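Participant: How does the following fold in three dimensions:
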Amino acid sequence: MDKNTVEKVQLLIIGSGPAGYTAAIYASRAGLKPVLYQGIQPGGQLTITTEVENFPGFPEGVQGPELMIHFEKQAQRMGADLRYGLATAVDLSTRPFKVTIDEEKQMEADAIVIATGASAKWLGLESEMRLNGYGVSACAVCDGFFFRGKEVAIVGAGDTAAEEALYLSKLCSTVHMIVRRDEMRASKIMQERVKATPNIKIYWNSVTDEILGEKTVDSVRLLNTSTNEKTEIPVRGFFVAIGHEPNSGIFAGQLDMDEAGYIKTIPGSAKTNVEGVFAAGDVQDKIYRQAVTAAGSGCMAALDAERYLSEKGLH
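Facilitator: Reported below is the predicted structural model:
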């Protein structure tokens, strides 16, 4: 097909984690012939995790990339048209909606499911990337279990970091909490809980100098910004809890979002403020951020889209 030719589809799904693939499965079964563009990270955040033990139906656990391959194959078997490509621009002011893929291919869609996910914010250390999935994690709820009875470190000072530190304190022998300033950003009640937990040790005015270890995390080296002293702490796990960024940039100014950029959906649905545009998964969920909740919201988005297309006589 000529790249200047506009391709028209009933339902376009943007993104390919658990939310996008589940939306594709349901939409395919409903005969919507969905086209799904997989985005910059096909399979989403689960492709950079190793063992997943909390996804139902896998009693022995499953590797994150393998789980996403299962999702992908199931969507393909149902008839979804899965493609490589990144949505780079959208116009939601016209009907049908207009979407540009890879800055050149033009698509039109009667309905859109946005499942572009969120990306964890990282510190930017080489060792952090190298050991990601081998002791370094951005999700305590996902990976804390693997460090039962061991010492771990967590970086962050907000409510999420406090929550994750408390969660880890129930599993791990000691939680070393690294706080950049001399105070935390977390709400007062969360701070009090953290400070009252005997096996959480807080390091104020501290930044991560380096994560040490060849194949797995052995220790973390901290720099105290007040004294310039460096300290090495033996830990097996290193958790980064400095926030997530929803991948919602191309929809800015067209969809209602909260102050952090998460797309707002009407409670109890996947509907956005633009009729015919639905959002699912981590791009609209900053509370749970789990594979199973993302999959559930992908199902909701597909069912909402099917209802919308039927009501409009487009399906």
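
Participant: quick one, longest helix in this protein?
Facilitator: helix 291-311 (DSSP state H).

Participant: mind listing what's buried in the strand of greatest length in the chain?
Facilitator: Longest strand in the chain, counting residues (DSSP state E): strand 105-114. Using 16 or more other C-beta atoms under 10 Å as the test for burial, strand 105-114 gives 105, 107-114. Placement of C-beta: from N, CA and C, glycine included.

Participant: Listing partners with orientation, what would you give for it?
Facilitator: strand 7-14 (parallel), strand 97-101 (antiparallel), strand 277-279 (parallel) (DSSP bridges).

Participant: what's the closest of these to Ile266?
Facilitator: With C-beta to C-beta as the criterion, Ile266 lies closest to strand 277-279 of the strands paired with strand 105-114, at 10.0 Å.

Participant: which residues touch that closest one?
Facilitator: 92, 97, 111-115, 255, 263, 265, 270-272, 301, 304-305, 308 (C-beta atoms under 8 Å, 6 or more residues apart in numbering).

Participant: still on that earlier bit, so which of the strands paired with strand 105-114 gets nearest Phe147?
Facilitator: strand 277-279 (33.2 Å).

Participant: Go ahead and confirm Thr100 touches Glu108.
Facilitator: No. Using C-beta atoms under 8 Å, Thr100 is not in contact with Glu108; the gap is 10.8 Å.

Participant: Can you tell me which helix or strand of this structure has the lowest average pLDDT?
Facilitator: The helix or strand of the chain with the poorest confidence is strand 51-52; it has a mean of 83 (mean pLDDT, DSSP states H and E).

Participant: Which neighbouring elements make contact with that strand?
Facilitator: Applying 3 or more C-beta pairs under 8 Å, 6 or more residues apart in numbering; DSSP states H and E, one finds that strand 51-52 contacts strand 62-63, helix 64-77.

Participant: just how off-centre is the last one within its chain?
Facilitator: To tie it back to what came earlier, the one meant is helix 64-77. Between the centre of helix 64-77 and the centre of its chain there are 17 Å (C-alpha atoms, centre = their mean, to the nearest Å).

Participant: tell me the mean pLDDT over that helix?
Facilitator: The average pLDDT within helix 64-77 is 96.

Participant: Also stretch 199-211?
Facilitator: pLDDT averaged over stretch 199-211 gives 98.

Participant: and if you look at stretch 7-20?
Facilitator: 97.

Participant: again with stretch 132-152
Facilitator: pLDDT averaged over stretch 132-152 gives 94.

Participant: For it, what is the distance to the chain centroid?
Facilitator: The mean C-alpha position of stretch 132-152 is separated from the chain mean by 17 Å, C-alpha atoms, centre = their mean.

Participant: just stretch 55-73 next, same as before
Facilitator: 16 Å.

Participant: And it, end to end?
Facilitator: 17 Å (C-alpha to C-alpha, to the nearest Å).

Participant: One more: stretch 89-107?
Facilitator: 10 Å.

Participant: can you pull the buried residues of it?
Facilitator: 90, 92, 96-101, 105, 107.

Participant: Contacts for that stretch, please.
Facilitator: If you take C-beta under 8 Å, 6+ apart as the criterion, stretch 89-107 is touched by 3-9, 12, 14, 35, 37, 85-88, 108-112, 250-251, 254-255, 274, 276-277.

Participant: secondary structure element for the closest residue to Ala75 other than its chain neighbours?
Facilitator: Leaving aside its chain neighbours, Ala75 sits nearest to Ala24 (4.0 Å; criterion: C-beta to C-beta, 6 or more residues apart in numbering). Assessed by DSSP states H and E, Ala24 sits inside helix 18-29.

Participant: What count of nearby residues applies to Glu183?
Facilitator: 11 (other C-beta atoms under 10 Å).

Participant: what do you get for the one 4 residues further on?
Facilitator: Applying other C-beta under 10 Å, we find 12 other residues in the vicinity of Ser187.

Participant: in the protein, which spans are helices?
Facilitator: Remark: helices assigned in the chain by DSSP H are 18-29, 64-77, 126-130, 140-143, 159-169, 188-195, 291-311.

Participant: And the fourth one, what's buried?
Facilitator: By neighbour count, with 16+ other C-beta under 10 Å as the criterion, the buried positions of helix 140-143 are 140, 142-143.

Participant: And for the fifth one?
Facilitator: The neighbour-count criterion (16+ other C-beta under 10 Å) identifies 159-169 as the buried residues of helix 159-169.

Participant: I'd like those residues laid out as a markdown table, including pLDDT and distance to Ser119.
Facilitator: Formatted as a markdown table, those follow (pLDDT from 0 to 100; distance: C-beta to C-beta, whole Å):
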| residue | pLDDT | distance to Ser119 |
| --- | --- | --- |
| Asp159 | 89 | 19 |
| Thr160 | 86 | 15 |
| Ala161 | 94 | 17 |
| Ala162 | 95 | 21 |
| Glu163 | 91 | 19 |
| Glu164 | 94 | 17 |
| Ala165 | 97 | 22 |
| Leu166 | 96 | 24 |
| Tyr167 | 95 | 21 |
| Leu168 | 97 | 22 |
| Ser169 | 98 | 27 |
